[in-house]
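In: Sequence first, then the predicted structure, then my questions.
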Amino acid sequence: MSVVVVGAGPAGMTAALHAARAGADVLLIDSSNSLGGQFHQAPPQEFGVAEPQRIRREQRSFASLEEKIHAHPRIRCASGSVRGLDGHTVHVRSGSDGRESFRADALVLATGAHDRVLPFPGWELPGVFTAGAAQALAKGQRIAVGSRVLVAGAGPLLLPVTESLLEVGADVVAVLDAGSPTAWLRRAPTLAGQWDKLAGFAGYLRRLVGNTQFRTRAGVVEAVGDARVREAVVAKLDARWRPVPGTRRRVAVDAICVAHGLLPRLELAQAAGCDIEDGFVRVDRVQRSSVPWVFAAGETTGIAGARAAAAEGAVAGLAAAVQVRATTWSEVEKPARRAMLVVRCGRRFGRAMASATRIGEDWNEWLTPQTLVCRCEEVPYQALRDGASAERDARSLNLSCRVGLGPCQGRMCGRNASELAENLLRTPAADTPG
Amino acid sequence: MTGPYLLPAHLDPARPRHQSAFTVEVDGRRVVARAGQTVAAVLMSLGLTSWRETGGRRRRRGLFCGIGVCSECVLVVNGTPDVRACLRPVEAGDVISTRGPGEAP
């Protein structure tokens, strides 16, 4: 009768508590030693932080949820990385060489998302970080990634990252969002339904004014340095994210933080055999995936913010408790339906955000032949171009160039590389007459 | 000052009161670390941005994603290779090596 929840962010924490309250035995696993995930990031307990609310988002609701989880007799928390699935057995690696296995009668995947970073010349230099790294280091470890920092990419997450950098004393020279403000305005009717989120963004902007400059339709197109980054080359971008000629400018920096949106962490869902649709785990109304005993909640099912993620966690936790026969659907239907309403609202917001922050079609225009497409295997863009004539589909083109075969297994480069490959395979056909 | 740094506790508005400090070894040098720090945070508080060389082109690499996804920040801790510095909490007496086997100092 055990439910295993993977990921202890807003979705996973809520799922664990709801499943346990409905009568299931719950194991909550996270790669970190503490609960909260990226959203509720704060220093570990050993730092003895007297005022965590200065760092952690929604400290009060987090603290109450954390206390309930630790106090619940049917919830066990474990820290470690899930290494694989073998039928209903979950293999976990903890510490340096600890290995444990757990039986899961139902599995809730709340593995969240990580930054997507589009490649650009020099992005492999030390001193170039994902925006999420800068935030995790600032909030979780009180480390500033540099003292003169450029933040660039796309989407609303650039603002909280910038705030975190300022809080640890970094000088943020500029925040560049490749997106366009008009895309937001076009989606205004849907976004306006979520006043709390819009007020959140407005609050960030207000706090950042005077401390940094914020520009849209602009981005970083090159990182320059030898053993580490010394300069960022920035440029204006057009609507398709092509650098506008004559607008390149060099900025002295010691760190660049980049994110062009988020990618869900799907490795476990894929290992479990769950159907993936449009890049996310396909779930039904009770968050059940195509594999009946596997549920998914939070950003693995779509990017819609922490509140929607927690609501999905509630639904998934209750449904998982029903799945392991700890309770019945009629027992949990009422709270489940309440949470489902929040989920629906969040999904609508997520769709509007996704279309307002869509990635420009022509970002490949800032690549040079030497730009690394795959960081692990150090594969330059030129290798993809050279291989394009001999291969028929994007997957085999990438495999033939060893893209995605290194330690990250394509998590950082896979999506970018397949877009580039598809583009390259399309282009010659269009260019060749007859 | 350039490069990464640790916000000094007395300047931190969240007012940390570190429970314990101990020494670890980084490439033979003794370094003070605090309980709860990750290996990456210890190295970055020394101002380091890179602690590995790539196998192919011998280029410097350090932390990139910071949350255990990209494996760029791996190094050797107590003889164990491929430890992700961004996730591994530092422990008293850890011997951290920023050079892989066969790499020149």
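Out: Cool, got the structure.
In: And for residue A:358, the neighbour number?
Out: Other residues near residue A:358 come to 13 when the count uses other C-beta atoms under 10 Å in any protein chain shown. (Glycine included, C-beta is placed from N, CA and C.)
In: Distance check, residue A:395 against chain B.
Out: 21 Å (C-beta to the nearest C-beta, to the nearest Å).
In: Could you pull up the residues touching that residue?
Out: Each residue near residue A:395 by C-beta atoms under 8 Å, 6 or more residues apart in numbering or on different chains is listed here: A:418, A:421.
In: pLDDT score assigned to it?
Out: pLDDT recorded at residue A:395 is 90.
In: Quick check on it: phi, psi?
Out: Dihedral pair for residue A:395: phi -60, psi -50, per degrees, to the nearest 10.
In: Kindly report the same for residue A:83.
Out: Dihedral angles for residue A:83 - degrees, to the nearest 10 - are phi -90, psi -20.
In: give me every residue that touches the residue in the stretch 51-200 of chain A that chain B sits nearest to.
Out: The stretch 51-200 of chain A approaches chain B most closely through residue A:133 (2.8 Å), counting by C-beta to the nearest C-beta. Going by C-beta under 8 Å, 6+ apart, residue A:133 touches A:115, A:145, A:257, B:63-67, B:86.
In: JSON lines for the residues you listed, including neighbour count, pLDDT and secondary structure?
Out: Formatted as JSON lines, those follow (neighbours: other C-beta atoms under 10 Å in any protein chain shown; pLDDT from 0 to 100; DSSP: H, G, I helix; E, B strand; the rest coil):
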{"residue": "A:115", "neighbour count": "30", "pLDDT": "96", "secondary structure": "strand"}
{"residue": "A:145", "neighbour count": "28", "pLDDT": "98", "secondary structure": "coil"}
{"residue": "A:257", "neighbour count": "32", "pLDDT": "98", "secondary structure": "strand"}
{"residue": "B:63", "neighbour count": "34", "pLDDT": "97", "secondary structure": "coil"}
{"residue": "B:64", "neighbour count": "24", "pLDDT": "98", "secondary structure": "coil"}
{"residue": "B:65", "neighbour count": "23", "pLDDT": "97", "secondary structure": "coil"}
{"residue": "B:66", "neighbour count": "33", "pLDDT": "96", "secondary structure": "coil"}
{"residue": "B:67", "neighbour count": "26", "pLDDT": "93", "secondary structure": "coil"}
{"residue": "B:86", "neighbour count": "29", "pLDDT": "96", "secondary structure": "coil"}
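In: State the pair within these that is farthest apart.
Out: The distance between the two most remote of the contacts of residue A:133 (C-beta to C-beta) is 14.7 Å, for A:257 and B:86.
In: Count the neighbours of the residue of the stretch 301-434 of chain A at minimum distance from chain B for me.
Out: For the stretch 301-434 of chain A and chain B, the shortest gap (C-beta to the nearest C-beta) falls at residue A:407, measuring 3.7 Å. When neighbours are defined as other C-beta under 10 Å, residue A:407 has 15 of them.
In: Would it be right to say that it lies in a strand?
Out: No. Counting by DSSP: H, G, I helix; E, B strand; the rest coil, residue A:407 is located in no strand; its state is coil.
In: Where does the prediction get shaky in the chain?
Out: With no chain named, the answer covers chain A. Within chain A, the stretches with pLDDT under 70 are A:96-97, A:181-200, A:428-434.
In: switch to chain B, that's the one I care about
Out: Using pLDDT under 70, chain B drops low at B:1, B:100-105.
In: hey, where'd the strands end up in it?
Out: B:5-6, B:21-26, B:29-34, B:52-53, B:60-61, B:74-77, B:80-84, B:95-97 (DSSP state E).
In: Take those strands and write them to TSV, including distance to residue A:212 and mean neighbour count.
Out: Shown next, in TSV, are the strands of chain B (distance: least, C-beta to C-beta, whole Å; neighbours: other C-beta atoms under 10 Å in any protein chain shown):
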stretch	distance to residue A:212	mean neighbour count
strand B:5-6	19	20
strand B:21-26	33	16
strand B:29-34	30	15
strand B:52-53	31	18
strand B:60-61	28	19
strand B:74-77	33	20
strand B:80-84	31	16
strand B:95-97	34	19
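In: how about the strands in the stretch 151-300 of chain A?
Out: Counting by DSSP state E, counting those that start in this stretch, the stretch 151-300 of chain A has strands at residues A:171-177, A:214-216, A:218-225, A:229-236, A:249-252, A:255-260, A:262-264, A:276-277, A:280-281, A:294-296.
In: Please name whichever of the ones you listed is nearest to residue A:70.
Out: The closest of the strands of the stretch 151-300 of chain A to residue A:70 is strand A:294-296. By C-beta to C-beta, the value is 22.9 Å.
In: Thanks a lot, see you next time.
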